[in-house]
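[1] I'll drop the sequence and a predicted model, then ask my questions.
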Amino acid sequence: MTLQLQIPDMACSACAETITQAVQAIDANAIVQADTKTKIVSVKTNASERAIQEAITQAGYTLA
Ligand SMILES: [Cu+2]
């Protein structure tokens, strides 16, 4: 399953790294591609969409 998440407050590569780590804390095998220009993060994971969303929210980011 690949999720496409829009995260408007992902401003720079440090944000992208924080988000990537938050997702990989839930699913260590997740493949995360974060584009700071489009603000879109794509996550290939077996975890639920809800779990991924919660991890990102708890890392301090807001999903659009
Ligand atoms: Cu940043």
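    Noted; the coordinates are in hand. Note that the structure is a prediction, hence the values are computed from the model and not measured. Numbering: from 1, shown residues only.
[2] contacts, neighbours, all on C-alpha from now
    OK.
[3] Contact residues of this protein facing the ion?
    11, 12, 14, 15 (C-alpha under 5 Å from the ion).
[4] Now for those: which two are most distant?
    Spatial extent of these (C-alpha to C-alpha) is set by the pair 11 and 14 at 8.1 Å.
[5] Settle it for me: which of those two has more neighbours?
    Legend: neighbour count by other C-alpha atoms under 10 Å for residue 11 and residue 14, higher for residue 11 (14 against 11).
[6] For the closest residue to the more buried one other than its chain neighbours, grab phi and psi.
    Spatial nearest neighbour of residue 11, excluding adjacent residues (C-alpha to C-alpha, 6 or more residues apart in numbering): residue 36 at 5.9 Å. When read as degrees, to the nearest 10, the backbone of residue 36 gives phi -70, psi -10.
[7] List the residues that contact residue 36.
    For residue 36, the contact set (C-alpha atoms under 8 Å, 6 or more residues apart in numbering) comprises 10, 11, 12, 13, 16.
[8] Likewise for residue 22?
    Applying C-alpha under 8 Å, 6+ apart, one finds that residue 22 lies in contact with 55, 56, 59.
[9] Which strand residues bridge the residue lying closest to residue 49 once chain neighbours are set aside?
    Among residues not flanking residue 49 along the chain, residue 3 sits closest, at 7.1 Å (C-alpha to C-alpha, 6+ apart). Beta-bridge partners recorded for residue 3 (DSSP bridges): residue 43.
[10] Pull the contacting residues for residue 3.
    Taking C-alpha under 8 Å, 6+ apart, we find residue 3 in contact with 41, 42, 43, 44, 45, 49.
[11] Could you check how far the last one is from residue 2?
    For residue 49, the distance to residue 2 under the criterion C-alpha to C-alpha, to the nearest Å works out to 9 Å.
[12] which residues are in contact with whichever helix or strand residue 54 is part of?
    Using DSSP states H and E, residue 54 sits in helix 49-58. Residues from elsewhere that reach helix 49-58 (C-alpha under 8 Å, 6+ apart): 3, 19, 22, 23, 26, 62, 63.
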